[in-house]
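Undergrad: need a 3D model of the sequence below.
(chains A and B)
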There are 2 protein chains.
Amino acid sequence: MDYKFSNKISSLQPSAIREILKATADPSIIPLAAGNPAPDAFPVDAVREIAKEILNETPIDALQYGVSEGYEPLRKKVSDWMKEREGIGEEFDSTLIVSGATQVMDLVTKVLCNEGDTVICEEPSFIGSLNCFRSYGCKLKGIPVEADGMNVDALEEALSTTENVRFIYTIPNFQNPSGATMSLEKRKRLYELAKKHNVIILEDNPYGDLRVSGEKLPTIKSMDKDGIVIYAGSFSKILSPGIRVAYAIGPSAVLAKMTVGKQASDVHTAMLNQMIVYKWLSEHNPEKHIEKIQEIYRNKLNLMCNCIDKELGDFLSYVKPEGGLFVWCRLPENVNMLEFVKKCVDKKVAVVPGNAFLVNDTDESHYIRLNFSTPSDEKIVLGVKALGEVAKSYQ
Amino acid sequence: MDYKFSNKISSLQPSAIREILKATADPSIIPLAAGNPAPDAFPVDAVREIAKEILNETPIDALQYGVSEGYEPLRKKVSDWMKEREGIGEEFDSTLIVSGATQVMDLVTKVLCNEGDTVICEEPSFIGSLNCFRSYGCKLKGIPVEADGMNVDALEEALSTTENVRFIYTIPNFQNPSGATMSLEKRKRLYELAKKHNVIILEDNPYGDLRVSGEKLPTIKSMDKDGIVIYAGSFSKILSPGIRVAYAIGPSAVLAKMTVGKQASDVHTAMLNQMIVYKWLSEHNPEKHIEKIQEIYRNKLNLMCNCIDKELGDFLSYVKPEGGLFVWCRLPENVNMLEFVKKCVDKKVAVVPGNAFLVNDTDESHYIRLNFSTPSDEKIVLGVKALGEVAKSYQ
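TA: Residues are numbered from 1 along each chain as shown, chains lettered A, B, ... in the order given. Predicted coordinates for the structure are as follows:
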């Protein structure tokens, strides 16, 4: 049979990162391309205890169908936690539990965008979200990311000159891949621009709790008095990504449509998983666990930066991020980035080529993204040393 | 803010059934409207033991990211199990693990359909799937269901006269809501018609293992030598719906696009859940558990039918299904179905109005759907007795 695919999906390629990761499933490859949490960042003992309690005390609730909005005690808990921690949530807002934060991007795009509508995003930006927007036939309009976040002048220009902009996608904290954190001034200006142009902001904050230095900044959602911000939060980086539990907080009118969309796409998020997150938040001191994770990542980030400075100080340039999972490194002007990445794979180190994060991924990039959460400390040292050897081949 | 929604989502309503269920969360209401498995159909002890083993032995695998295709041992196990049980799976096929079978419908629609394309479905049909197709802006073309399945003459006519038909959606076993099982002859004719017209068949078989009488019939997928059938299987009815694990088996070219679609929508299905299903299939004799469930439902179906015959013999007519979860009952011509349903709610019994399953749910229906898996035996007796009292008000 000659299969004919929809327009929106036929041009979509598998995520370059996930393909690299599959190609490098070989355990001898040093994984600086991934974005997996460090294995010691998982609260294994707590999850073991919680799962046991749930399956002893309320097994039927964990195995039976649930409602599309999410497990009610978790919805309430998340709302309270975000109100307390981030000042998020007004009368007009509600909370939806989803199966990983990518599903927030999926549902927002589904309910807001027709094919051909435009999503404004930072450039570079998280390939998973860009592919999600593409999978609905959206056009992407990229706004350059600077050391203090999105170039808001370029944003203003884009909002004034682009038709059918449906929302602005931003990762304000330790942006993936650039590591940039948006300044408070830019957050305020972004909010005002979105309000003026009647455009929704989709604020994706998966790394917010992974701050390892500097001052915490208010979320854009915490400034929202007009019901124009949808906040995507996740338990993937602070509890477990494999458990697939995340949430959206946003204006009830939009969340109601997203709930109908979720009902039609996967009915509801797995109950056992929602109950595990609920008990973890309620009974296992998540703040203390988050501090532990920050300490793990602070050490790993410092280690990676020290190694880069030692092995590649004259070759790679980067701005040390205040958190997150990645270091975004610029190669010298005369080095072909894709060739460099291939040479790294030959040396058994996987890194992500920077073009993967561009709106048009055939554009030229001089960047590579290095991850410090997945590899062990030993592998960080070995991996960056190998990159240093590749760099020497250019001298 | 004046929210503007996408065309595909703005007309979509929450599932009537799920709304009825929410409205009737009141525990004093007898739930004949649901489709939940019976609580005693869950293998609670097995799941408790399995979850403990996984979180003791390989907790990191259960909590870390996985690949979009699904947990490799489960993919292999499902492929083998379906080959052995159903004769499903050719060289050209592959298997994708998803988060509940509705996600199969979601991904098939996403990769095959542009807005305005047509999906052919049985009428009446499962509202969750119809809403899924609607959520991508598809037109629905309904084919009447007879006691032995879809009217294949009407199907042939529709295939000849309808443009841009992308696939045919069918539930061949104990169809929801009609309970009808498609005859072998019709299965073969459906396959040949789809092949002739170069149209894919989406075979949804959530209830196949819930046969309580009659002879098992081959799946349509088992006849597929041309790569034109996508099979949707699920663990919701034989293990647990709350765990959200299901699968698609179909031609690799289509499954590859569905995998990219899944990556862009929820990345992957929760790992702990996939591992639970894998261990259950591998180590806990699923066939024996399925026999136990069949016995539970055989008794509940017989009880409900006996009660209907006793209390409403002259009022409701129905064809006793050979399996599944529902009895599809026709009201007398002179009774207004929606009024009858409201009177039932007044008597504290929830049933689903038949129009919910129509392509145009404002069309008239003389049917109601009764579920026998969710209520206890006592509630079945009380619920049908209450329906009998409502029926008396028409005499």
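Undergrad: for the closest residue to residue A:13 other than its chain neighbours, helix, strand, or coil?
TA: Nearest non-adjacent residue to residue A:13, counting by CB to CB, 6 or more residues apart in numbering or on different chains: residue B:260, 7.1 Å away. Quick note: C-beta positions are derived from backbone N, CA and C, even for glycine. Taking DSSP: H, G, I helix; E, B strand; the rest coil as the rule, one finds residue B:260 in the helix state.
Undergrad: what's the neighbour count on residue B:260?
TA: 22 (other CB atoms under 10 Å in any protein chain shown).
Undergrad: quick check: pLDDT value at residue A:18.
TA: Note for residue A:18: predicted pLDDT of 61.
Undergrad: you'd agree the residue nearest to residue A:13 is up against residue A:12?
TA: Yes - at 5.4 Å, residue B:260 counts as touching residue A:12 under the criterion of CB atoms under 8 Å.
Undergrad: which residues do the two both contact?
TA: Common neighbours of residue B:260 and residue A:12 (criterion: CB atoms under 8 Å, 6 or more residues apart in numbering or on different chains): A:131, A:135.
Undergrad: gap between the residue nearest to residue A:13 and residue B:254?
TA: 11 Å (CB to CB, to the nearest Å).
Undergrad: just residue A:308 next, same as before
TA: 44 Å.
Undergrad: I figured residue A:235 was touching residue A:269, is that so?
TA: No - the criterion here is CB under 8 Å, and residue A:235 misses it with residue A:269 at 11.1 Å.
Undergrad: just give me the neighbour total for residue A:224.
TA: Residue A:224, neighbours per other CB under 10 Å, totals 25.
Undergrad: now it, nearest residue through space, not along the chain?
TA: residue A:90 (6.9 Å).
Undergrad: tell me where the model's unsure across chain A.
TA: Low-confidence segments of chain A, defined by pLDDT under 70: A:15-25.
Undergrad: any idea which strand is longest in it?
TA: Criterion DSSP state E: the longest strand present in chain A is strand A:139-146.
Undergrad: who's in contact with that one?
TA: Contacts of strand A:139-146 (CB under 8 Å, 6+ apart): A:116-125, A:130, A:133-134, A:150-151, A:154-155, A:158, A:162, A:165, A:175, A:178, A:180, A:358-359.
Undergrad: same thing with stretch A:9-16?
TA: A:127-128, A:131, A:134-135, A:352-353, A:356, A:361, B:110-111, B:257, B:259-261, B:263-264.
Undergrad: which one of residue A:235 and residue A:269 is surrounded by more residues?
TA: Taking neighbours as other CB under 10 Å, residue A:235 and residue A:269 compare with residue A:269 leading, 32 against 23.
Undergrad: show me the contacts for the closest residue in space to residue A:283 that isn't next to it in sequence.
TA: Among residues not flanking residue A:283 along the chain, residue A:50 sits closest, at 7.8 Å (CB to CB, 6+ apart). By CB under 8 Å, 6+ apart, the contact set of residue A:50 is A:275, A:276, A:279, A:280, A:283, A:284.
Undergrad: residue A:370 versus the spatially most central residue of chain A, what's the distance?
TA: Residue closest to the mean C-alpha point of chain A, counted by CA atoms, centre = their mean, is residue A:206 at 5.0 Å. Per CB to CB, residue A:206 is found 18 Å from residue A:370.
Undergrad: between the two ends of stretch A:173-193, how far is it?
TA: Terminal residues of stretch A:173-193 lie 19 Å apart, using CA to CA, to the nearest Å.
Undergrad: pretty sure residue A:198 contacts residue A:226?
TA: No - applying CB under 8 Å, one finds residue A:198 not in contact with residue A:226, separated by 9.8 Å.
Undergrad: tell me where the stretch 1-150 of chain A has helices.
TA: With DSSP state H, counting those that start in this stretch as the criterion, the stretch 1-150 of chain A has helices at A:7-10, A:16-23, A:44-57, A:59-63, A:72-86, A:102-112, A:127-134.
Undergrad: may I see those organised as CSV, with distance to residue A:384 added?
TA: Shown next, in CSV, are the helices of the stretch 1-150 of chain A (distance: least, CB to CB, whole Å):
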stretch, distance to residue A:384
helix A:7-10, 38
helix A:16-23, 18
helix A:44-57, 28
helix A:59-63, 44
helix A:72-86, 34
helix A:102-112, 29
helix A:127-134, 23
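Undergrad: looking at those, which is buried most?
TA: Mean neighbours per residue, mean count of other CB atoms under 10 Å in any protein chain shown, is largest over the helices of the stretch 1-150 of chain A for helix A:102-112, with a mean of 28.
Undergrad: is any part of it close to chain B?
TA: Yes - with CB under 8 Å from any CB of the partner chain as the measure, helix A:102-112 is seen reaching chain B through A:102, A:103, A:106, A:110, A:111, A:112.
Undergrad: can you tell me how far residue A:122 is from residue A:149?
TA: 8 Å.
Undergrad: now do residue A:115
TA: Using CB to CB, we find residue A:115 at a distance of 29 Å from residue A:149.
Undergrad: look up the closest residue to residue A:377, ignoring the ones flanking it.
TA: The nearest residue in space to residue A:377 (CB to CB, 6+ apart) is residue A:303, at 5.9 Å.
Undergrad: and that neighbour, what does it touch?
TA: Taking CB under 8 Å, 6+ apart, one finds A:372, A:377, A:380, A:381 in contact with residue A:303.
Undergrad: among the residues you listed, which lie within helices?
TA: A:377, A:380, A:381 (DSSP state H).
Undergrad: number of nearby residues for the second one?
TA: Yep, that's residue A:380 we're talking about. Quick note: residue A:380 (other CB under 10 Å) scores 24 neighbours.
Undergrad: what segments of the stretch 251-395 of chain A are strands?
TA: A:326-330, A:349-350, A:352-353, A:367-371 (DSSP state E, counting those that start in this stretch).
Undergrad: mean neighbour count and distance to chain B added to these, as CSV?
TA: Putting those into CSV (neighbours: other CB atoms under 10 Å in any protein chain shown; distance: least, CB to the nearest CB, whole Å) gives the following:
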stretch, mean neighbour count, distance to chain B
strand A:326-330, 22, 15
strand A:349-350, 24, 15
strand A:352-353, 24, 15
strand A:367-371, 25, 12
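Undergrad: how about the helices in the stretch 251-395 of chain A?
TA: A:252-265, A:271-283, A:286-312, A:337-346, A:377-392.
Undergrad: gap between the two ends of stretch A:309-316?
TA: Note: stretch A:309-316 ends 8 Å apart using CA to CA.
Undergrad: show me what counts as buried in that stretch.
TA: A:311, A:312, A:315, A:316 (16 or more other CB atoms under 10 Å in any protein chain shown).
Undergrad: interface residues of the stretch 251-395 of chain A facing chain B?
TA: A:251, A:253-254, A:257, A:259-261, A:263-273.
Undergrad: just the buried residues out of those, in ChimeraX syntax.
TA: To isolate the buried ones among these in ChimeraX, judged by 16+ other CB under 10 Å, type:
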select /A:251,254,257,259,260,261,263,264,265,266,267,268,269,270,271,272,273
